[in-house]
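Asker: need a structure here:
(3 chains)
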Amino acid sequence: MSQDPPRYIALVAVPRPLHTLLSYALPDGEQPVAGTRVLVPFGSQHSVGLVIRVQATPPNDTDSPFTLKPVEAILDVTPLPDAHLLKLLQWAAGYYHHPVGEVLFSALPIALRKPKPLSNRLQKLLLAHAAVTSPLADTHALQLTAEQQQCLHSIEQWNTQTPRRPILLHGITGSGKTEIYLRLIAPLFAAGKQVLIIVPEIGLTPQLLLRFARFFGDAPMACLHSALSDGDRLKAWLQARSGMAQIIIGTRSAIFTPAPNLALIVIDEEHDASLKQQEGFRYHARDLAIKRAQMLDIPIVMGTATPALESLYNAQTKRFHYVRLNQRPGTTRKPDLQLQDTRPFELQAGLTPQSLIAIRDTLARGEQAMVFLNRRGFAPALYCPSCGWQANCEHCSAKMTWHARRNKLICHHCSTEQPTPLRCPQCQNPKLTTQGQGTERLELTLQSHYPDAVVVRIDRDSTSRKGELDAKLATVRSNDPLILVGTQMLAKGHDFPNLTLVIILDIDQSLLSTDYRALERLGQLLVQVAGRAGRADKAGRVILQTSQPDHPMLHQLVGHGYTPFAQQLLEDRKRWHFPPFGYQALIRASSTASMEKALQFLEHVSQLLVSATGTDLQRLGPIPALLEKRANRYRAQLLLGSQQRAALHAALQQLLQQSAKLPGRSGVRWSIDVDPIDFS
DNA sequence: AGCACGCCGACT
DNA sequence: GTCGGCGTGCTC
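Answerer: Numbering: from 1, shown residues only, chains lettered A, B, ... in the order given. Below you'll find the predicted structure:
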């Protein structure tokens, strides 16, 4: 049974952790375009794959070790990621050393993993679109201030120059960055172009969305975020891909949305850590956005009140254009920021006497106060005062947090829940005690301290039900005097005009952290939270409670502001050859068996890298991770550093090529994190 | 990631 | 004697 050799073969990426493409024979006469999905046989089963390339079979192809299996079905007529996205994604797979098929499919809506053609869905969408006409409903345009006009003018100028550079828009909270975005987008919108806007977390930026909706009227907007159903996500994605959604707003993964007429990318809050994916394909949406804009030769604008040190450095070295907005329209005074030493006082509700007085006065003036504490739950520890027993998570090397409302112990690392023990499991003592405090306790104690005041708590626990967050935000926006208690969730994207006092608790841990990025993040968080105070025409006051009021970096931040603070941190980074003065990758390993197993594996990785590269690759570790055990896995890490990006990437390439032979790899899960930002 | 293949303990 | 444990290795 001899067969003619296939004329063409397809190189296909499947959504599995394979670092290679697989070759399949194509039926006679078929030449699918790169980016179309195919159904292929895969081991004993079938898989959807993406065609990356189609090649003619070499005429006398005798050295091929395989008899190629045939492509079973071609699922699409047009490519899903277009040629440009395909190129970007392949580049990203190489840069982040992540399996190419997983990278490609992580950029597609989940619904497209099923081997179903999408032709009919498209048809429906396009028919729906035919009825909509959407004039620019610019009835809510505000007059720009002189500073904003100057800023806009600079950006427009830069966007006519070649070669292009990314633009860093460093504007203090309330300075009107959104107004600048809108003015940049408007002419593109009118010209039928598309714009991609990446935001940290869409549920938390309702005001930005509202502003866009007002500005662009009923223009078709595609929103892509984690709360969407698979169907809605596919719909938004198709609308963007068809070009009919001109405004595309989304979180991190929206950076992969196809947009044939893309003319501008905006990254809002470019410093935000949520732009970096923290598992699987660990990409940074800002960095990929810069790459995408560069490949398309379109402008990219990154806005923030607290630039990432990397971005600030890029601005200083002229890789980025840099423009500032220093004024808050309608406000004359900057918030008054003060450090408060907690050590001399016995704290009540975690607050110093001065803080308590400040809250009382604020309420008396009919204004709002916010107490920021980045810790959920009632208390971060439950222990027995008589024998010293403590409620630890049995799956993690961590204490369990006590939640009063649900009367449960919850591990914030693995989400394990346990009923609160009635007596000490060790000595039967019926009186267990909590230690420390979270937002839940803060809410309670503030309420009893100010019995007549309304206390609103906003954190993940108090807003998990649908509509709950909106209701709470509406209460706050009614501008009645109240006390707002909350975590991270309050730090970004909200505008509370009657909020004039912000108290920030418990920052001491960040000041002592071994993570070299902890101070940068603390600085960003403090400035962002402080930016909530004193909007509209009311002066704001920010109180920073700490047991280390003499910390030099805190003084730098409070005394001179974010930029000199960041500059100081950059100088430290330079001394240590840390990013952006060097390049890093973190190898993580975990084992259910023991810490030793994870460490030993990384020791072998380390040795492989030395013998394979022999370069001046710096190695820090292997060391146990900050959280040594999580969800029953012992975790260790090895930090790699180099002054040459190419050397680091060559080393990672070597590691991947030889990883199958590494001793001690059985029972160990491991991963590569390029440009790590979180060392937990 | 799945899945099959393969070599060691307690059961119809 | 077999059912099945998950260690190992492969997927064109």
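
Asker: and the strands in the stretch 151-300 of chain A?
Answerer: In the stretch 151-300 of chain A, the segments counted as strands under DSSP state E, counting those that start in this stretch are A:167-171, A:194-198, A:221-224, A:247-250, A:262-268, A:300-304.

Asker: closest one to DNA strand C among the ones you listed?
Answerer: Of all the strands of the stretch 151-300 of chain A, it is strand A:221-224 that lies closest to DNA strand C, at 30.5 Å by Cβ to the nearest atom of the strand. The way it works is simple: take the backbone N, C-alpha and C, and place the C-beta from them, glycine included.

Asker: for residue A:223, what are its contacts?
Answerer: For residue A:223, the contact set (Cβ atoms under 8 Å, 6 or more residues apart in numbering) comprises A:202, A:209, A:236, A:249, A:250.

Asker: which strand residues bridge the closest residue to the third one other than its chain neighbours?
Answerer: Going back to what we said before, that points to residue A:236. Of all residues not flanking residue A:236 in the chain, residue A:222 sits nearest, at 4.1 Å (Cβ to Cβ, 6 or more residues apart in numbering). Judged by DSSP bridges, the bridge partners of residue A:222 are residue A:248.

Asker: since we're on residue A:222, how many residues are nearby?
Answerer: Using other Cβ atoms under 10 Å as the criterion, residue A:222 is surrounded by 25 other residues.

Asker: what's the answer for residue A:648, then?
Answerer: By the criterion of other Cβ under 10 Å, residue A:648 has 22 neighbours.

Asker: wasn't it part of a helix?
Answerer: Yes. Assessed by DSSP: H, G, I helix; E, B strand; the rest coil, residue A:648 belongs to a helix.

Asker: contact partners for it?
Answerer: Here residue A:648 is in contact with A:583, A:584, A:585, A:617, A:640, A:641, A:642 (Cβ under 8 Å, 6+ apart).

Asker: how far away is it from residue A:84?
Answerer: Distance, residue A:648 to residue A:84, using Cβ to Cβ, to the nearest Å: 27 Å.

Asker: distance from the chain centre to stretch A:321-339, please.
Answerer: 25 Å (Cα atoms, centre = their mean, to the nearest Å).

Asker: gap between the two ends of it?
Answerer: Separation of the first and last residues of stretch A:321-339 by Cα to Cα, to the nearest Å is 34 Å.

Asker: give the buried residues for it.
Answerer: Residues of stretch A:321-339 classed as buried by neighbour count (16 or more other Cβ atoms under 10 Å): A:321, A:322, A:323, A:324, A:325, A:327, A:328, A:331, A:334, A:335, A:337, A:339.

Asker: check these for the minimum pLDDT and say which it is.
Answerer: Least confident entry in the buried residues of stretch A:321-339, by pLDDT: residue A:331, with 61.

Asker: ok, now which ones touch the closest residue to residue A:438 other than its chain neighbours?
Answerer: Computed as Cβ to Cβ, 6+ apart, the closest residue to residue A:438 that is not its neighbour in sequence is residue A:377, at 3.9 Å. Under the criterion of Cβ under 8 Å, 6+ apart, the neighbours of residue A:377 are A:401, A:402, A:403, A:410, A:412, A:438, A:439, A:440, A:441, A:461.

Asker: coming back round to it: which among the contacts of residue A:648 gets closest to residue A:75?
Answerer: residue A:585 (35.8 Å; Cβ to Cβ).

Asker: tell me the spacing between the closest one and residue A:656.
Answerer: Using Cβ to Cβ, one obtains 12 Å as the distance from residue A:585 to residue A:656.

Asker: between these two, which contacts overlap?
Answerer: Common neighbours of residue A:585 and residue A:656 (criterion: Cβ under 8 Å, 6+ apart): A:97, A:672.

Asker: before we move on, back to that, and the contacts of residue A:377, which two are the farthest apart?
Answerer: Spatial extent of those (Cβ to Cβ) is set by the pair A:412 and A:441 at 15.0 Å.

Asker: neighbour count winner among the two?
Answerer: Set residue A:412 next to residue A:441 and count neighbours by other Cβ under 10 Å: residue A:441 wins out with 22 against 18.

Asker: which strand or helix spans the more buried one?
Answerer: In this assignment (DSSP states H and E), residue A:441 forms part of helix A:439-449.

Asker: again, but for residue A:51
Answerer: Element membership for residue A:51, per DSSP H and E: strand A:45-56.

Asker: who are the packing partners of the next helix or strand after that strand?
Answerer: The element immediately downstream of strand A:45-56 (helix or strand, assigned by DSSP H and E) is strand A:73-74. Judged by 3 or more Cβ pairs under 8 Å, 6 or more residues apart in numbering; DSSP states H and E, the packing partners of strand A:73-74 are strand A:37-42.

Asker: once you drop chain neighbours, what's closest to residue A:287?
Answerer: In space, residue A:287 comes closest to residue A:675 once its chain neighbours are excluded; the distance is 7.2 Å by Cβ to Cβ, 6+ apart.

Asker: meant to ask about residue A:458
Answerer: residue A:486 (3.9 Å).

Asker: tell me the contacts of the residue nearest to residue A:287?
Answerer: Taking Cβ under 8 Å, 6+ apart as the test, what residue A:675 contacts is A:276, A:284, A:287, A:579, A:583, A:584, A:585.

Asker: what sits against the nearest residue to residue A:433 once chain neighbours are set aside?
Answerer: Nearest residue to residue A:433 in three dimensions, chain neighbours excluded: residue A:385, at 5.1 Å (Cβ to Cβ, 6+ apart). By Cβ under 8 Å, 6+ apart, the contact list for residue A:385 reads A:429, A:431, A:432, A:433.

Asker: number of nearby residues for the last one?
Answerer: I take that to be residue A:433. Look at residue A:433: counted by other Cβ under 10 Å, it has 12 neighbours.

Asker: any idea how far it is from residue A:216?
Answerer: For residue A:433, the distance to residue A:216 - Cβ to Cβ - is 56 Å.

Asker: want to throw the buried residues of stretch A:321-339 into TSV with secondary structure and distance to residue A:12?
Answerer: Shown next, in TSV, are the buried residues of stretch A:321-339 (DSSP: H, G, I helix; E, B strand; the rest coil; distance: Cβ to Cβ, whole Å):
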residue	secondary structure	distance to residue A:12
A:321	strand	41
A:322	strand	44
A:323	strand	45
A:324	strand	49
A:325	strand	48
A:327	coil	55
A:328	coil	54
A:331	coil	57
A:334	coil	57
A:335	coil	57
A:337	strand	57
A:339	strand	59
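
Asker: show me which of the residues you listed is closest to DNA strand C.
Answerer: Distances from DNA strand C to the buried residues of stretch A:321-339, taken by Cβ to the nearest atom of the strand, are shortest for residue A:321, at 44.9 Å.

Asker: distance check, that closest one against residue A:169.
Answerer: 9 Å.

Asker: what sits in contact with each of those two?
Answerer: Listed as contacting both residue A:321 and residue A:169 by Cβ under 8 Å, 6+ apart are residue A:155.

Asker: so the closest residue to residue A:631 other than its chain neighbours, which of the three states?
Answerer: Of all residues not flanking residue A:631 in the chain, residue A:414 sits nearest, at 4.1 Å (Cβ to Cβ, 6+ apart). For residue A:414, the reduced secondary structure class is coil; criterion used: three-state DSSP.

Asker: can you tell me which residues contact residue A:414?
Answerer: Residue A:414 neighbours (Cβ under 8 Å, 6+ apart): A:393, A:395, A:396, A:630, A:631.

Asker: next one: residue A:419
Answerer: A:407, A:408, A:409.
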